[in-house]
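Novice: The following comprises the amino acid sequence and a computationally predicted model.
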Amino acid sequence: MTRTPPPDADERRAIRPVICYPNETLPEPPMALYRAAREGAEKVNEVLMPARDAKCFHVPAGAFFRISSVEGPQVGDLNLWNANDLTEQFYSGKSRALHGTHLTEGERMWSSFPYLRPMATITEDTLGWYGMDAFGGSVHDVIGTRCDPYTGNLLSGSQYHHCCHSNLTRALAEERGLSLAEAETHVHDVLNVFMCTGFTRDTGQYFMKASPVRPGDYLEFFAEIDLLGALSACPGGDCSSEHSSDTAACYPLLVEVFQPRKGALAGWESPAVNGYDRSHGA
């Protein structure tokens with residue numbers, strides 16, 4: 001039923017918005033220190049994520065990791081956990097609230113309650129030039145959840161097993177020796193690396209468009225704590241038209257880990273867990 005707008009409808013719509021979480025008081029990442037530490041850092045490991053599949057990787061606190069496009073335009077779905085405690089995981093919703101819908105250089109991936117601390121800081125983004133396009137699209141979003149078999153079944157009755165949710169579940173199960181059911185409880189909303197997304201202006205629907213990523217592009221991070229990561233090379237490829245498909249052109253993604261020289265991070269400390277006393281007013 002269409003309702004008649006009230007007499008002051010335009011006045012109500014014209015009220016200026018207020019930022020929910022002003023971030024001027026967030027601790028500033030020491031980007032100059034990170035850049036200096038990255039100079040001369042030694043590559044110590046790499047993991048290639050096969051097209052339409054996922055693998056896990058480890059990054060110690062104080063090291064860097066880079067996600068690269070290596071063969072063709074490809075997006076990836078990234079999960080991060082505290083390597084020593086899977087209950088501390090990436091919190092995409094709070095990262096979005098603190099930084100915005102898409103993350104880039106100098107912004108952070110924050111962990112879940114009750115920890116709420118930086119897990120990783122983005123130190124380099126070769127797609128930082130893209131900005132926000134005329135459609136409201138940008139790259140590296142924290143608004144999409146990940147392609148999953150449940151939504152596919154809901155919308156089309158499908159039983160598709162190489163969506164990112166299932167890929168991440170299998171990768172974590174294999175890495176930690178968990179059952180699929182156990183592993184699935186730890187898979188969480190992602191950073192959509194290289195994915196170009198936004199919301200339509202008229203209906204507010206989540207959209208995707210062809211990623212601007214090309215071979216040689218990368219997103220690089222500094223690990224603030226010991227990390228276990230899992231990255232899925234999405235079955236949608238560059239997500240220009242399909243989200244979960246065995247026919248879309250898909251390519252591998254490369255994760256490389258770099259260890260700074262001894263003493264390069266003098267004075268840096270891994271962030272402590274959030275200081276809230278957890279009494280909750282009791």
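Specialist: That came through, no problem. It should be emphasised that the depicted structure is a prediction, and the values quoted were computed from it without experimental measurement.

Novice: which residues in the stretch 1-150 of the chain form strands?
Specialist: Taking DSSP state E, counting those that start in this stretch as the test, the strands found in the stretch 1-150 of the chain are 42-49, 54-59, 64-69, 76-82, 85-89, 108-110, 118-125, 138-141.

Novice: a markdown table for those, including distance to His188 and mean pLDDT?
Specialist: All C-beta atoms are positioned from the backbone trio N, CA, C, and that covers glycine. Shown next, in a markdown table, are the strands of the stretch 1-150 of the chain (distance: least, Cβ to Cβ, whole Å; pLDDT from 0 to 100):
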| stretch | distance to His188 | mean pLDDT |
| --- | --- | --- |
| strand 42-49 | 18 | 98 |
| strand 54-59 | 14 | 98 |
| strand 64-69 | 18 | 98 |
| strand 76-82 | 6 | 98 |
| strand 85-89 | 5 | 98 |
| strand 108-110 | 11 | 98 |
| strand 118-125 | 12 | 98 |
| strand 138-141 | 15 | 98 |
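
Novice: Out of those strands, flag the one nearest Cys147.
Specialist: Ranking those by proximity to Cys147 (Cβ to Cβ) places strand 76-82 first, at 7.6 Å.

Novice: residue contacts, His58?
Specialist: Residues near His58 by Cβ atoms under 8 Å, 6 or more residues apart in numbering: Asn45, Ala83, Asp226, Leu227, Leu228, Gly229, Val257.

Novice: Check Ala173 too.
Specialist: Ala173 makes contact with Ser179, Leu180, Glu182, Ala183 under the criterion Cβ under 8 Å, 6+ apart.

Novice: wait, is the last one part of a strand?
Specialist: What it means is Ala183. No - under DSSP: H, G, I helix; E, B strand; the rest coil, Ala183 sits outside any strand and is assigned helix.

Novice: my guess is it meets Gly177, correct?
Specialist: No - taking contacts as Cβ atoms under 8 Å, Ala183 lies outside contact range of Gly177: 9.5 Å.

Novice: Which one of these two is surrounded by more residues?
Specialist: Each of Ala183 and Gly177 has its neighbours counted (other Cβ atoms under 10 Å); Ala183 has more, 21 against 8.
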